[in-house]
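K.L.:
Okay, here's the prediction I keep looking at, along with the sequence it came from:
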Number of protein chains: 2
Amino acid sequence: MHNMKPNTRKNEIIKTAATLFKDKGYSAVTMRDIAKAMGIKAASLYNHINSKQDILKAIIISLAEEFTLGMETIKASQVNSIEKLKQIISMHINITSRNKAGMATLNNDWMHLEDQLEYYLKLRVNYEDNLRDIIRQGILNNEILNDNLEVLLFSLLSTLRSLYIWIPLEDNLNEIELSQSLSNVLINGIKN
Amino acid sequence: MHNMKPNTRKNEIIKTAATLFKDKGYSAVTMRDIAKAMGIKAASLYNHINSKQDILKAIIISLAEEFTLGMETIKASQVNSIEKLKQIISMHINITSRNKAGMATLNNDWMHLEDQLEYYLKLRVNYEDNLRDIIRQGILNNEILNDNLEVLLFSLLSTLRSLYIWIPLEDNLNEIELSQSLSNVLINGIKN
DNA sequence: TATTTTAACTAACAATTGTTAGTTTCATTA
DNA sequence: TAATGAAACTAACAATTGTTAGTTAAAATA
């Protein structure tokens, strides 16, 4: 539940790159851009990383694996479906608030993965399948309305995946408050 | 409510470009990619368009203006706030289903607009302000729960903006059905 | 102290980029 | 028929791209 990376030069580069990727996207950011943001020359980056692609891989795969791990834990927990959904919402807020730039990169630049594209997609499909199963179980238990399952899944995932856009604006709202507010909206709807 | 573009060569290029932008993003798509997809050479594109940037502008600005126009109409309509929200959901589904590739480009590549970036951002802020006002009025009228307004707005907008990702998968579900399902989920929540 | 490691540098490369200039082909119009 | 316009082409450009090779300076280690 922490995943603190050591402060190596390599990790500083990855972090800097993620911030630039967030603003302009992977393809529009050059190695010279990253180097300039670090205050060094582009060639110097290669003392620490193997390629631009490796930076992208480092950003995306570690996050995807963190989500996968979190989902496995929640899946195994002995609570009802609504409670599981609340835990998932909470996990998304937690991971996203610690990795705003990385989440932007994961959401927008995953298709530029090369070697690891297949692996990433496997993790993503697996994650969606697990979430769908939780909702389906909730419907069977009469905890969740028997509406269109896919629409329900889509709506939930869309909001959670867009969190990186909004969380920076909500500094004043703390993580627990945000988690409760969001759970309320997503689970209870907005109608009075 | 239709916005049919004539079948000029220019519009064919814009449409082709939008499809490529959807898959790889504006920056990763070259003029040679677009030309190849059209079966011609890159230089030939310039008989019809002025620049790569002009293609992006044509895709994004026309869509942004279509949303702005739709919002003005709904804003002026004499129905309650929940009904207005339903109309907005319906508009998003309608515009998105007619412009899947364009909506991907609008969502992911707006930051690569140059001259028109400021104008686009103005339209977007204006749209969000109008939507916030509708929700606020709904709370005042006791139609909508007095939860955190920004969280509510965020959740709604996230789902609507992500529609382009999902609509292609839902061919079987028609527009009206999808609109009803989505309104149900967003307005009534998922809890039984 | 001698040696290795870390982290920067300069210079250059081959490929790719958006774009321009000038030309050709062919159908439509005057 | 002659002229015009639409839409393609070849060839080339200057700039930018990711990356490599080889070097240097300082810090850490033996």
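P.N.:
Looks like it arrived, so ask away.

K.L.:
Can you pull out the low-pLDDT segments for chain A?
P.N.:
Low-confidence segments of chain A (pLDDT under 70): A:1-2, A:168-173.

K.L.:
Which residues of it lie near DNA strand C?
P.N.:
Counting by Cβ under 7 Å from any atom of the strand, the residues of chain A lying close to DNA strand C are A:T8, A:R9, A:A35, A:I40, A:K41, A:A42, A:A43, A:S44, A:Y46, A:N47, A:H48. Using the backbone N, CA and C atoms, a C-beta is placed for each residue, glycine as well.

K.L.:
Go ahead and report the secondary structure state at the fourth one.
P.N.:
Translated: A:I40. coil (DSSP: H, G, I helix; E, B strand; the rest coil).

K.L.:
hmm, back to that, return only those of the residues of chain A next to DNA strand C found close to chain B.
P.N.:
Residues of the residues of chain A next to DNA strand C in contact with chain B (Cβ under 8 Å from any Cβ of the partner chain): none.

K.L.:
ok, of these, which come out buried?
P.N.:
Among the residues of chain A next to DNA strand C, those classed as buried by 16 or more other Cβ atoms under 10 Å in any protein chain shown are A:A35, A:H48.

K.L.:
Let's see which of the residues of chain A next to DNA strand C end up in helices.
P.N.:
Members of the residues of chain A next to DNA strand C lying in helices (criterion: DSSP state H): A:R9, A:A35, A:A42, A:A43, A:S44.

K.L.:
got the residue ranges for the helices in chain A?
P.N.:
Using DSSP H, helices in chain A cover A:9-24, A:31-38, A:42-45, A:52-76, A:81-98, A:100-109, A:117-140, A:149-161, A:163-166, A:175-188.

K.L.:
what's next to the longest one, contact-wise?
P.N.:
Looking back up the chat, that one is helix A:52-76. A:3, A:13-14, A:17-18, A:21, A:26, A:31, A:34, A:49, A:84, A:87-88, A:91, A:95, A:99, A:102-103, A:105-106, A:109-110, A:112-116, A:119-120, A:123-124, A:126-127, A:130-131, A:133-134 (Cβ atoms under 8 Å, 6 or more residues apart in numbering or on different chains).

K.L.:
hang on, the earlier thing: adding distance to A:E177, write the residues of chain A next to DNA strand C out as CSV.
P.N.:
Shown next, in CSV, are the residues of chain A next to DNA strand C (distance: Cβ to Cβ, whole Å):
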residue, distance to A:E177
A:T8, 34
A:R9, 37
A:A35, 40
A:I40, 40
A:K41, 45
A:A42, 43
A:A43, 47
A:S44, 43
A:Y46, 44
A:N47, 44
A:H48, 39
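
K.L.:
Quick check: which of the residues of chain A next to DNA strand C are also close to DNA strand D?
P.N.:
Okay, of the residues of chain A next to DNA strand C touching DNA strand D (Cβ under 7 Å from any atom of the strand), that's A:A42, A:A43, A:Y46.
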